[in-house]
Each structure stands twice: as structure tokens, then as C-alpha cells.
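> Provide a 3D model corresponding to the input given below.
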Amino acid sequence: MPTGEYVGEVVMAADILVVYKKNFEEVHDKALEYIKEILDKLVTERGIKVDYTVRETVRRSDFLDRDLAIILGGDGTLTSIVHSVDSKTLVMGVNSHPREVHNDGSYGFYMGSEPNFFAEDIIDAIEGKAIVNILPRLQAVIETPSGKKITSDPALNDLLVANTHQYQPSKYKIQRKADQGNDEIDMVQKSSGCLFSTFLGQGAWFRHIANIEGVTFPIEEVSDRYLFVSRDLPRSDRLDDGSYWSWTDKSTRITSDMHRGYVVSDGWEETHFTRGSVVTISLDGPSLQLLTFRSTIHDRVAHWIKPQY
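Predicted coordinates:
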């Protein structure tokens with residue numbers, strides 16, 4: 001069964017940036033020490049270039065013209081860092097604290113490797129033999145009342161549009177063109193904000209809000225569609241027309257009736273807007289090239305994919 005969009009051969013990686021989580025925990029320090037030992041050997045043997053930086057100081061410019069970014073940590077580390085990575089740079093996640101080794105470790109959904117496999121995985125990455133999963137990302141474009149346009153950071157998991165004061169309702173007009181499953185919507189809503197999720201990101205937050213247990217999705221749609229839910233919408237307004245929750249390939253347009261609102265990408269970066277601003281959300285963000293080695297990323301969520309007969 002095909003499990004998503006990916007390419008086979010890639011350009012050999014010669015310029016590598018390692019971004020690591022530094023919190024003075026021994027398990028992460030040991031993982032970094034081990035990975036550095038392997039990379040130092042490859043620098044000598046193959047002449048590759050490797051630089052290191054901590055998560056707290058990395059900047060978007062650090063990734064420019066890099067062949068490969070190795071992110072050492074867990075899913076939270078990776079999702080916070082890849083906001084600065086464009087669609088050209090390969091990303092390799094290395095789980096520095098795997099849950100199967102330590103109960104309090106990271107699940108590492110996006111982490112294609114871990115220290116025990118790193119020596120062989122990095123060779124595959126350098127030689128262009130890894131699986132390259134092309135992952136879509138959500139992005140919001142905010143047009144202010146004065147006409148200025150602001151683009152949010154791309155979101156690998158989910159994107160929230162809401163009132164900055166979470167104890168106050170989010171008031172807005174929501175519009176979306178008709179798609180294969182729903183009619184066109186054009187209405188005013190009052191909720192706790194709108195949550196948008198990629199197919200792969202639905203397990204992070206979306207499934208804890210929307211009751212879509214048992215719902216599966218065609219594999220041919222997972223790169224072109226996203227999930228939407230209006231949080232805490234009054235029960236009488238939870239209609240089955242795409243205005244409460246939806247799986248759609250059409251952009252969603254939100255016109256704010258809030259004094260102050262924000263777009264939050266993957267729970268990290270906030271982009272603020274005021275009343276009258278128009279926020280358009282779509283899958284037009286730059287895609288992410290994420291490496292895996294023993295299976296594709298979609299194999300990990302096969303239970304969310306509609307069986308093909």
C-alpha cells in the first residue's frame with residue numbers, strides 16, 4: 001500500500017547542521033556526545049562539513065544552503081525548530097530519549113532515527129538512500145485593516161486562530177468555498193477559536209477536541225487536505241455541513257471581530273492581529289522534507305488511513 005508522497009534518490013549531503021536540545025539532562029548529553037563521535041569520524045573519512053548549535057540560539061539563516069539538518073531531541077524540539085527550515089533542506093530527527101528505552105522519554109513520532117541506529121542511518125542520509133517524506137504544512141496569511149500582509153510560521157502539526165484572551169470568546173466570520181464533502185459556508189461564529197491540523201498532526205491536539213474516533217482518510221488526500229474544528233462551538237451550532245469540523249482542500253477565511261487575536265503555529269510562535277483583520281489558512285506553507293529509514297512516516301498512522309481493496 002502506498003503510504004504518502006516521497007522521493008527515492010536525493011543529493012548526497014555534504015553540509016550538515018546539528019541542532020540539539022540543551023537542558024543539562026545526562027541522557028541528552030550522552031546522545032549528543034555519541035552522535036558527535038560518529039560525525040567527527042565521517043568528517044575525517046568523507047570530508048563532510050558539520051556545524052553544531054543549540055535550539056535556543058538557532059536562526060533561520062543557519063539553515064540556508066544546508067544539505068541536511070539533524071535535530072536531536074524529541075517531537076517538541078523538532079516542531080519548534082522546523083519553523084525555520086524551508087522546503088529545500090532535508091531534516092533528520094534523532095530521538096535522544098526514546099520512550100522504549102526510558103518510560104519518561106519522547107514518543108518521537110517525527111524522529112526517524114535514534115542513537116542506536118544513528119551510525120547506519122546517517123550513512124543512508126549522506127548517500128541519498130533514506131526515505132524522503134514530503135510533508136505539507138499549514139500557514140496563515142493575515143491581511144490587516146490597513147492592507148499589510150503578514151505570514152505566520154508554517155505549522156507541521158496544527159495552527160490555532162483565537163482570541164489572545166482565552167477566557168473571552170473568539171468572534172469572527174468564517175468563509176470557505178464548497179468542497180467534495182460540504183457546501184460553501186459563510187457565517188458568524190462565537191467559539192474558543194478555530195484549530196486547523198495537518199493529517200499527520202491530528203494526534204497532537206485535534207483528536208482531543210473533535211470526536212473523529214474511527215474516521216479514516218484516503219491516502220491520496222492526505223497531502224492536499226487538512227482538518228478544521230471550531231472549538232467549544234455551542235452544541236446547537238455543531239452542524240454536519242463543514243462549519244463545525246471539516247476535512248477540506250479549500251482555504252478557510254476568517255474575518256476577526258476580536259479586539260486582539262493571534263495565530264499560533266504548533267504551540268510555539270504567535271502572530272497577532274486586530275479587529276477587522278482577515279486571516280486565510282491553507283496548506284500553502286513550504287513543505288518539509290523529513291527523512292525516515294525503516295518505514296515511511298505514514299506507516300506509523302496506518303490506522304488513520306482508509307484501507308484500499
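
> Return the distance of the strand or helix carrying Ile16 from the chain's centre.
Assigned by DSSP states H and E, Ile16 falls within strand 15-20. How far strand 15-20 lies from its chain's middle: 19 Å, per Cα atoms, centre = their mean, to the nearest Å.

> any idea of the mean pLDDT in it?
The average pLDDT for strand 15-20 rounds to 95.

> Helix or strand next in line after that strand, which one?
Counting by DSSP H and E, what follows strand 15-20 is helix 26-46.

> Export the strand holding Ile16 to CSV, keeping only CA atoms.
Output of strand 15-20 as CSV, limited to C-alpha atoms (Å, rounded to 0.1, in the frame of the first residue of the first chain):
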residue,chain,number,x,y,z
ASP,A,15,26.9,20.3,4.6
ILE,A,16,25.2,19.4,7.8
LEU,A,17,23.9,21.4,10.7
VAL,A,18,23.2,19.6,14.1
VAL,A,19,20.6,21.4,16.3
TYR,A,20,20.4,19.9,19.8
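
> Strand partners (parallel or antiparallel) of it?
strand 49-54 (parallel), strand 68-73 (parallel) (DSSP bridges).

> just the angle between it and helix 26-46, please?
Comparing the axes of strand 15-20 and helix 26-46 via axes from the mean of the first three to the mean of the last three Cα atoms, to 10 degrees yields an angle of 170 degrees.

> Now strand 15-20: buried residues?
Ile16, Leu17, Val18, Val19, Tyr20 (16 or more other Cβ atoms under 10 Å). No exception for glycine: its C-beta is placed from N, CA and C like everyone else's.

> OK, contacts around Glu56?
Residues in contact with Glu56 (Cβ atoms under 8 Å, 6 or more residues apart in numbering) are Lys22.

> ok so it is a helix residue?
Yes - under DSSP: H, G, I helix; E, B strand; the rest coil, Glu56 falls within a helix.

> thinking again about what came up before, out of the buried residues of strand 15-20, who's nearest Asp179?
Here the nearest of these to Asp179, counting by Cβ to Cβ, is Val19; it sits at 37.5 Å.

> Is that closest one bridged to anything, and to what?
With DSSP bridges as the rule, Val19 is bridged to Thr53, Ile71.

> Surely it and Leu68 touch.
No - assessed by Cβ atoms under 8 Å, Val19 is found out of contact with Leu68, at 11.2 Å.

> Looking at this protein, which strand is longest?
strand 278-292 (DSSP state E).

> got the strands paired with strand 15-20 as TSV, with distance to Asp183 and mean neighbour count columns?
TSV is the format used below for those (distance: least, Cβ to Cβ, whole Å; neighbours: other Cβ atoms under 10 Å):
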stretch	distance to Asp183	mean neighbour count
strand 49-54	49	14
strand 68-73	42	27
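
> would a markdown table of those strands with distance to Asp224 be doable?
Output for the strands paired with strand 15-20, formatted as a markdown table (distance: least, Cβ to Cβ, whole Å):
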| stretch | distance to Asp224 |
| --- | --- |
| strand 49-54 | 34 |
| strand 68-73 | 26 |
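
> which residues in the stretch 201-309 of the chain form strands?
226-230, 245-248, 252-256, 260-265, 269-274, 278-292 (DSSP state E, counting those that start in this stretch).

> Please identify the most buried of those.
Neighbour counts (mean count of other Cβ atoms under 10 Å) averaged over each of the strands of the stretch 201-309 of the chain peak at strand 226-230, with a mean of 25.

> What lies in contact with it?
136, 138, 174, 189, 191, 194-199, 202, 206, 209-210, 212, 242-249, 252, 282-283.
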